[in-house]
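A.B. asks: What would the 3D arrangement of this be:
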Amino acid sequence: MTSGIQTTHIGSLPRPTELLDRIASSTTGEGFGDDAVEDLIRDATERVLEKQAAVGLDVVNNGEQGRAGFHLHVTDRLSGFGDEAPAPFWADVREFPALAEREFSYPDADPETGAPMRPAVTGPIEYVGEDAARQEIETFAAALEAVDHEFVDAFMTSPSPGIVASSLSNVYYESYEAYLAALADALATEWQLIADAGYVLQIDAPDLLHSHHRYFPDGTPAVIADADDYADVVAMYVEAINGALPGVPRDRIRLHTCWGNYEGPHHLDVDLAAVLEALYELDVGALAIDLTAPRHDHEWRAFAEHPVPDDLDLIPGVLDVSSNVIDHPDAVADRLGRILDLGLDTDRVMAAPACGFGTLAWSAADDDVVWAKLESLVEGTRRAAARSDQS
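C.D. replies: The predicted model follows:
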């Protein structure tokens with residue numbers, strides 16, 4: 001363990017090519033239905049744990065090896081998802097049509113809007129994925145047992161109701177709020193299964209920040225796009241999360257949020273300071289936030305304006321995930337140092353990348369570069385800890 005500051009990551013890590021080929025044949029990455037694929041997932045999970053041990057990460061996960069993305073797997077674990085419909089699209093990207101055409105064109109796009117087609121909610125939502133969730137948990141447990149390394153802790157990820165609601169269209173529930181409530185009730189089952197297995201639950205909730213600029217294909221905001229009202233939107237998402245949390249200590253729950261790790265303009269992103277107080281209402285033990293993206297390199301100042309509550313730890317995202325550039329360890333240390341200079345004790349800070357290495361299973365960075373980046377995270381964290389000890 002790095003002196004005084006632990007290291008972790010956010011969830012998605014590279015998958016082997018053979019497994020990616022099988023994932024590519026499935027919309028969600030689950031429901032393959034044959035033992036050969038389960039063997040691939042087991043081998044990949046063990047491999048990704050060995051690599052996390054080799055680079056020196058403290059708090060680890062299964063790299064989401066059996067999933068096509070960090071949240072799309074729930075369409076196999078929840079009832080109610082049926083025919084595909086255009087998914088919500090980024091408002092900032094739509095303001096740059098040439099960029100949208102060049103970088104955000106989808107093979108299965110809606111011909112009228114260019115938005116990606118995704119499963120839509122066409123019936124009542126209930127959690128029906130207990131067997132799949134338990135299989136993922138058991139595969140992770142077996143891999144942890146097989147790897148000859150003692151990690152500080154282990155976590156598993158699960159999406160927030162808001163990220164599902166803001167990503168997948170609803171054609172069944174009478175209102176967005178009803179859709180969100182149904183998702184919260186259902187996802188509570190998955191969260192409890194992870195908690196009962198003894199792992200830290202990480203709730204992935206990019207919706208808390210990026211719903212501000214996420215639009216449906218017809219141009220209608222997913223909820224509210226007005227910055228003056230957006231804190232109320234965040235409060236709605238926070239209430240849905242808090243109401244679904246399992247009955248476990250707060251220090252066994254952490255939450256990740258960001259503005260989306262897609263390579264777009266991001267000029268419509270909401271300022272962190274505008275919503276940080278609303279995020280502090282989350283009943284979680286740690287908050288993971290991207291503080292590295294070019295648009296948000298300054299956002300650490302929001303914590304000076306709105307100090308982190310005493311009962312909340314911070315997991316600052318201090319490593320880029322969107323390119324093949326390997327962050328210099330001193331850059332990582334500088335980013336961490338800005339957080340430590342706010343007065344947070346080192347045992348309340350855990351260093352992490354800005355986001356998962358890929359919203360879907362395919363990372364923007366080369367596989368080997370990902371691990372080199374994580375080595376830089378660990379080394380940069382060591383340097384930040386050493387500087388803190390000297391001050």
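A.B. asks: residue nearest the centroid of this protein?
C.D. replies: A centroid search over the chain (Cα atoms, centre = their mean) returns residue 204, at 4.1 Å, as the residue closest to the centre.
A.B. asks: Pretty sure that one sits against residue 70.
C.D. replies: Yes - using Cβ atoms under 8 Å, residue 204 is in contact with residue 70, at 5.4 Å. C-betas here are computed from N, CA, C, even on glycine.
A.B. asks: What's opposite the residue nearest to the centre of the chain in the beta bridge?
C.D. replies: Beta bridges link residue 204 to residue 159, residue 256 when assigned by DSSP bridges.
A.B. asks: What segments of the stretch 201-350 of the chain are helices?
C.D. replies: 207-210, 230-244, 272-279, 301-305, 329-340 (DSSP state H, counting those that start in this stretch).
A.B. asks: Next: the stretch 1-150 of the chain.
C.D. replies: 17-23, 35-55, 74-77, 91-94, 97-103, 130-146.
A.B. asks: Save those as TSV, and put in mean neighbour count too.
C.D. replies: Below are the helices of the stretch 1-150 of the chain laid out as TSV (neighbours: other Cβ atoms under 10 Å):
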stretch	mean neighbour count
helix 17-23	16
helix 35-55	18
helix 74-77	24
helix 91-94	21
helix 97-103	11
helix 130-146	17
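A.B. asks: weakest of the ones you listed by average pLDDT?
C.D. replies: Lowest mean pLDDT within the helices of the stretch 1-150 of the chain: helix 17-23, a mean of 81.
A.B. asks: for that one, the distance to its chain's centre please.
C.D. replies: 21 Å (Cα atoms, centre = their mean, to the nearest Å).
A.B. asks: what touches both of residue 204 and residue 70?
C.D. replies: The contact sets of residue 204 and residue 70 overlap at 11, 157, 159, 356 (Cβ atoms under 8 Å, 6 or more residues apart in numbering).
A.B. asks: Generate TSV for the helices of the stretch 1-150 of the chain, with distance to residue 390 as supplementary columns.
C.D. replies: Below are those laid out as TSV (distance: least, Cβ to Cβ, whole Å):
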stretch	distance to residue 390
helix 17-23	44
helix 35-55	25
helix 74-77	46
helix 91-94	42
helix 97-103	44
helix 130-146	35
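A.B. asks: hmm, back to that, farthest pair in the shared contacts of residue 204 and residue 70?
C.D. replies: Within the shared contacts of residue 204 and residue 70, 159 and 356 form the most distant pair, 11.6 Å apart (Cβ to Cβ).
A.B. asks: Overlap in contacts, these two.
C.D. replies: 70, 204.
A.B. asks: Who are the contact partners of residue 177?
C.D. replies: Residue 177 sits next to residue 236 when contact means Cβ under 8 Å, 6+ apart.
A.B. asks: Quick check on it: phi, psi?
C.D. replies: phi -60, psi -40 (degrees, to the nearest 10).
A.B. asks: any idea how far residue 240 is from it?
C.D. replies: Note on residue 177: its distance to residue 240, by Cβ to Cβ, to the nearest Å, is 9 Å.
A.B. asks: remind me which residues of the stretch 101-250 of the chain are low pLDDT?
C.D. replies: Residue ranges of the stretch 101-250 of the chain with pLDDT under 70: 215-228.
A.B. asks: one more time with 80
C.D. replies: For the stretch 101-250 of the chain, residues meeting the criterion pLDDT under 80 lie at 106-108, 111-114, 213-229.
A.B. asks: Count the neighbours of the residue nearest to residue 73 when sequence neighbours are not counted for me.
C.D. replies: Excluding the flanking residues, the one nearest residue 73 by Cβ to Cβ, 6 or more residues apart in numbering is residue 67, at 4.5 Å. Neighbours of residue 67 under the rule other Cβ atoms under 10 Å: 25.
A.B. asks: for the one 3 residues further on, same thing?
C.D. replies: Burial of residue 70 is recorded as 25 neighbouring residues (other Cβ under 10 Å).
A.B. asks: Enumerate every residue touching it.
C.D. replies: So residue 70 contacts 11, 12, 64, 157, 159, 204, 356, 359 (Cβ under 8 Å, 6+ apart).
A.B. asks: how close does the closest residue in space to residue 94 that isn't next to it in sequence get to residue 331?
C.D. replies: With sequence-adjacent residues excluded and distances taken as Cβ to Cβ, 6+ apart, residue 94 is closest to residue 100, at 6.2 Å. From residue 100 across to residue 331, the span is 31 Å (Cβ to Cβ).
A.B. asks: Repeat that for residue 344.
C.D. replies: Per Cβ to Cβ, residue 344 is found 19 Å from residue 331.
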